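> output the structure for:
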Amino acid sequence: MKKKDEINNFHHLIRGIILIGFMLFLFKLLLTGNITLLIAPKMIRFIYFTIFVLLTLGVLLIIRGTSDQKHPHHCDCEGDHAYPTSLGKSLFLYLLFIIPITTGFLFANNVLDSSVAMNRTIKIGASSHDVNQNKAVKNKTKSEQPKSTSVTDNNSLLVNNKNNLDDPPEPLTETQYNKLKRDMLQTKNINFNDRSYVPMMTIIQDNLQSMIGKTVSTKGFVYREKNFMQNQIIIARFGISCCVADATVFGIMAKGDVAALPKDKWVQVSGTIDQTKYDGGTIPFIKIKKISIIAPPKQPYVFDVGVKIE
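Here you go, the predicted model:
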């Protein structure tokens, strides 16, 4: 009986350590800010809760595993909750959890690129977007398309171009969205802003005739569809609503001397807006005046936070 108690205590100890390991991994992602490479900032509150739960359960299991007191090992239900009966089974079970924790600490986070984009629908431009038709916060649906954000003056909304844990992007109100639209229609120069990239792309698409001829500046990675001509690329960004599993590729077509640009290179593009036919629809594109290769940003993703009714 004593040996069985020792075995059970060992399993409690190992499971407690594994839970603490997961907690430390999440804590590391929070400290480095890399958590936003995996989930949208609006989901981070749940990570804090998860860390608390993992820490609590892990500590309780470790205390139980190192205690000399006898504890009941059955919950008096009809299910079988027996621990692994052999060393091989124990190793197999716990390695399923230990390996992901170890690799999470040892290897860098992978950023989504063209190899992922080619297997997903590319949203070039944006579909119609009416903030007055929604009764709640707008989330991307299959029919929704990217929205773009520009900053026209120092008093414009969303002049902050950061995506960090201390200042996560918030849903736009109808008033903010309509002001953003007015600013974009009135200005001659549109600069895409990471914090409001998705809503602004939509404004350009919905008001394309009024946008033609305006100067635009944006950045993203180079992506090409198989049927593109040599002078065509997409300046692409991955947009996240919840986590990387639901990441959608947003972008705007650009035309110019781009044949030599390799895929996945990050570029800063300036040019004028025009329209073209693509895949049965009319979309905006940028006539490139200036293009330069840049370093990938620390936060490569944009976040679709939607528009809320006031």
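
> quick one: average pLDDT of stretch 225-237?
For stretch 225-237, the mean per-residue pLDDT is 90.

> no, scratch that, I was asking about stretch 190-197
Throughout stretch 190-197, pLDDT has a mean value of 88.

> just the endpoints, please. Distance across that stretch?
Start to finish, the residues bounding stretch 190-197 are 11 Å apart (Cα to Cα, to the nearest Å).

> and it, how far out from the chain middle?
Averaging C-alpha positions (Cα atoms, centre = their mean, to the nearest Å) puts stretch 190-197 16 Å from its chain's average.

> show me what the helix or strand bottoming out on mean pLDDT in the chain is packed up against.
Lowest on mean pLDDT, DSSP states H and E among the helices and strands of the chain sits strand 122-124, with a mean of 73. Packing contacts for strand 122-124, counted by 3 or more Cβ pairs under 8 Å, 6 or more residues apart in numbering; DSSP states H and E, involve strand 232-240, strand 248-255. Every C-beta, even on glycine, is put in place using the N, C-alpha and C of the backbone.

> now Asn189: phi and psi?
Asn189 adopts backbone torsions of phi -120, psi 120, taken as degrees, to the nearest 10.

> which parts of stretch 227-235 are buried?
For stretch 227-235, a neighbour-count test (16 or more other Cβ atoms under 10 Å) marks 232-235 as buried.

> for the closest residue to Tyr278 other than its chain neighbours, give me its contacts.
Nearest non-adjacent residue to Tyr278, counting by Cβ to Cβ, 6 or more residues apart in numbering: Ile124, 6.5 Å away. The contact partners of Ile124, taken as Cβ atoms under 8 Å, 6 or more residues apart in numbering, are 234, 251-253, 278-279, 283.

> do that again at 6 Å, thanks
Contact analysis of Ile124 by Cβ atoms under 6 Å, 6 or more residues apart in numbering lists 251, 253, 283.

> Thr248 too?
Per Cβ under 6 Å, 6+ apart, neighbours of Thr248: Gly239.

> who does it bridge with?
Thr248 forms beta bridges with Gly239, as assigned by DSSP bridges.

> so it versus Val269, what's the distance?
20 Å (Cβ to Cβ, to the nearest Å).

> what's the helix or strand for Thr50?
Following DSSP states H and E, one finds Thr50 within helix 44-66.

> returning to what we had before: C-terminal to the least confident helix or strand of the chain, what's the next element?
Next along from strand 122-124, by DSSP H and E: strand 172-173.

> and that next one, what does it pack onto?
Contact partners of strand 172-173 among helices and strands, from 3 or more Cβ pairs under 6 Å, 6 or more residues apart in numbering; DSSP states H and E: none.

> immediately after it, which helix or strand?
In the C-terminal direction, the helix or strand that comes right after strand 172-173 (DSSP H and E) is helix 174-186.

> just checking, what packs against the helix or strand that that following helix is followed by?
With elements assigned by DSSP H and E, the helix or strand that comes after helix 174-186 is strand 189-191. Packed against strand 189-191 by the contact rule (3+ Cβ pairs under 6 Å, 6+ apart) you find strand 215-223.

> the strand it packs on vs strand 232-240, what angle?
80 degrees (axes from the mean of the first three to the mean of the last three Cα atoms, to 10 degrees).

> contacts for strand 215-223?
114, 117, 189-192, 233-237, 261, 263-266, 268-270, 272-273, 286.

> in this structure, where is pLDDT below threshold?
In the prediction, the chain carries residues with pLDDT under 70 at positions 1-2, 70-81, 125-168, 310.

> need the helices and strands packed on strand 122-124 in JSON lines (columns: distance to Ser210).
Formatted as JSON lines, those follow (distance: least, Cβ to Cβ, whole Å):
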{"stretch": "strand 232-240", "distance to Ser210": "21"}
{"stretch": "strand 248-255", "distance to Ser210": "16"}
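
> what is the burial count for Val258?
For Val258, the count of nearby residues is 20 (other Cβ atoms under 10 Å).

> excluding its backbone neighbours, what's nearest it?
Counting by Cβ to Cβ, 6+ apart, the residue nearest Val258 is Ile233, at 4.9 Å.

> who touches the one you found in this structure?
Counting by Cβ under 6 Å, 6+ apart, Ile233 touches 222, 224, 254, 258.
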